[in-house]
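Peer 1: Provided below for reference: sequence and predicted model.
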Amino acid sequence: FLFSNRLVFGMLYPAYYSYKAVKTKNVKEYVRWMMYWIVFALYTVTETVTDLTVSWFPLYYELKIAFVIWLLSPYTRGASLIYRKFLHPLLSSKEREIDEYIVQAKERGYETMVNFGRQGLNLAATAAVTAAVK
C-alpha cells in the first residue's frame, strides 16, 4: 500500500503534470517540474540509504509519503524550496568537479567495454582453438 502511494504521488502524478507542462509549453510549470525531478532524484538516492538504516523508526513510511506530497504540493512548494536553498548552490559550486568526474567515468566506461570485448574475443578464440584441437 505505501509503496503504491509513493509511486502514484512521487512519480505518476508528477510525470503527468510534467507531460502537461511540456505539451502546453508552460515554462513556469516546466521549471517547477524540473526542480521537482532533480530533488526527487536526490530523495530516491537518499531513500536507499535511509531504508536500510532508519526504516525501523515509527511512522517512517508515512513520513516518506508526507514528504513526497510536501515536495510536490503547489501550496508548500517543497521541491522548489529545497532546490533553490540547497541543491542549486551546491551543484553550482561543484559543477566543474561533477562534469570532470562524468567525463572520466565515460572514458573508463568506454575502456572497460573495449577490455570486456577484447577478453570476450580472446575467450571465444581460445574456445574455438580448443574445440578444433580435440
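Peer 2: Good, I have the coordinates.

Peer 1: care to break the protein down by domain?
Peer 2: As assigned by the TED database, the chain contains the domains 1-76, 77-133.

Peer 1: In terms of pLDDT, where does Leu121 sit?
Peer 2: At Leu121, the model reports a pLDDT of 69.

Peer 1: again, but for the one 10 residues further on
Peer 2: Turning to Ala131, the model gives it a pLDDT of 69.

Peer 1: same thing with the one 3 residues further on?
Peer 2: Among the per-residue scores, Lys134 holds a pLDDT of 64.

Peer 1: try Leu7
Peer 2: As predicted, Leu7 sits at a pLDDT of 69.

Peer 1: and what of Lys64?
Peer 2: 88.

Peer 1: Next: Ala15.
Peer 2: At Ala15, pLDDT is 91.

Peer 1: Tell me the buried residues in the helix or strand harbouring it?
Peer 2: Using DSSP states H and E, Ala15 maps to helix 13-24. Going by neighbour count (16 or more other CB atoms under 10 Å), the buried part of helix 13-24 is 14, 17-18, 21. In short, each C-beta sits where N, CA and C put it, glycine included.
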